[in-house]
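Asks: Any chance you could fold what I've pasted below:
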Amino acid sequence: MRRRIVDVKLLGAQHRRVLHDEILPQMHLALLRLETLRPSMQEHPDPSAPTSTALALDEAIERISDSHRRLAAMMRSTTPSAPHRLERDGLLNAIHTMIEHDFQQAFDEVVWAVSEDTIHQIDELVPPAIAELTFAAVQEALRNAARHARGSDLHRRLCLTLKATLSPHLEVIVADDGVGILAASSSTTGTGGGLLTHSALLAVAGGSLTVKSAPGEGVTVRILLPADALR
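Replies: This next block holds a predicted model:
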């Protein structure tokens, strides 16, 4: 079942790439070609053609335009940034790019505690589906820290620390020095549905996601994938 779910996630990522890289551009090209036909029909109408031809052309353009808009909106709302970034940069570089671009204003300081050797080892040994699961879990941890770590004090200084090791288990830690979580424990209880969902997905893949926190002492999210889960 774990293998099947990982395969389904990979297949979903492949489908999203096909939609983004092939189908949407083809629809856009078809729209452009149809639009070029409209002026010529208006300037040089064919008397032998049925009067409904222009209306049919307008309807076709409208339908394709609407489908293109809806498909593009669906892609924006459902496609994570992971697949493209992971393919291009690798797991840790994709995470680093995400922090710099998507969370640029969220933290006053970012401590990047990952060596270049670890980055290369992870890119070589971690399967794509596991990398995508890890990326998504880190992304959720970053969102939680950005939204909640300052509590009610919007001017509170906030430091984020990200660590990663592979020896031989993959471990990624996302920690902040914010206000912490009330009644948090070593499980994901009390941290919201987002991390619970990622915890369940990682468990299916053979890994785990745990959260440690105390009021005023920040939050530490630990993502662990044993060596067996990386094969």
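Asks: May I have the secondary structure class of the residue nearest to Gln139 when sequence neighbours are not counted?
Replies: Closest residue to Gln139 in three dimensions, ignoring its sequence neighbours and counting by C-beta to C-beta, 6 or more residues apart in numbering: Met98, at 6.5 Å. In short, each C-beta sits where N, CA and C put it, glycine included. Following DSSP: H, G, I helix; E, B strand; the rest coil, the label given to Met98 is helix.
Asks: how many neighbours does Met98 have?
Replies: Using other C-beta atoms under 10 Å, Met98 has 18 neighbouring residues.
Asks: any idea how far it lies from Gln105?
Replies: 14 Å (C-beta to C-beta, to the nearest Å).
Asks: Mind listing the shared neighbours of the two?
Replies: Residues touching both Met98 and Gln105 by C-beta atoms under 8 Å, 6 or more residues apart in numbering: none at all.
Asks: Might you report the residue contacts of the residue nearest to Gln139?
Replies: Ser81, Arg85, Phe135, Val138, Gln139, Leu142.
Asks: Next, give me the two most distant ones among those residues.
Replies: Arg85 and Leu142 (13.7 Å; C-beta to C-beta).
Asks: picking that back up, narrow the contacts of Met98 to just the buried residues.
Replies: Neighbour counting with 16 or more other C-beta atoms under 10 Å marks Arg85, Phe135, Val138, Gln139, Leu142 as buried within those.
Asks: In a strand, the fourth one, correct?
Replies: No. Inclusion of Gln139 in a strand is not indicated when three-state DSSP is applied; the result is helix.
Asks: name the element the spatially closest residue to Met27 that is not a sequence neighbour belongs to?
Replies: Excluding the flanking residues, the one nearest Met27 by C-beta to C-beta, 6+ apart is His68, at 4.8 Å. Here His68, judged by DSSP states H and E, is contained in helix 52-78.
Asks: packing partners for that helix?
Replies: When contacts are defined as 3 or more C-beta pairs under 8 Å, 6 or more residues apart in numbering; DSSP states H and E, helix 52-78 packs onto helix 24-43.
Asks: Contacts for stretch 103-121 next, please.
Replies: Contact partners of stretch 103-121, identified using C-beta under 8 Å, 6+ apart, comprise 90, 92-93, 96, 99, 142, 145-146, 157-166, 176.
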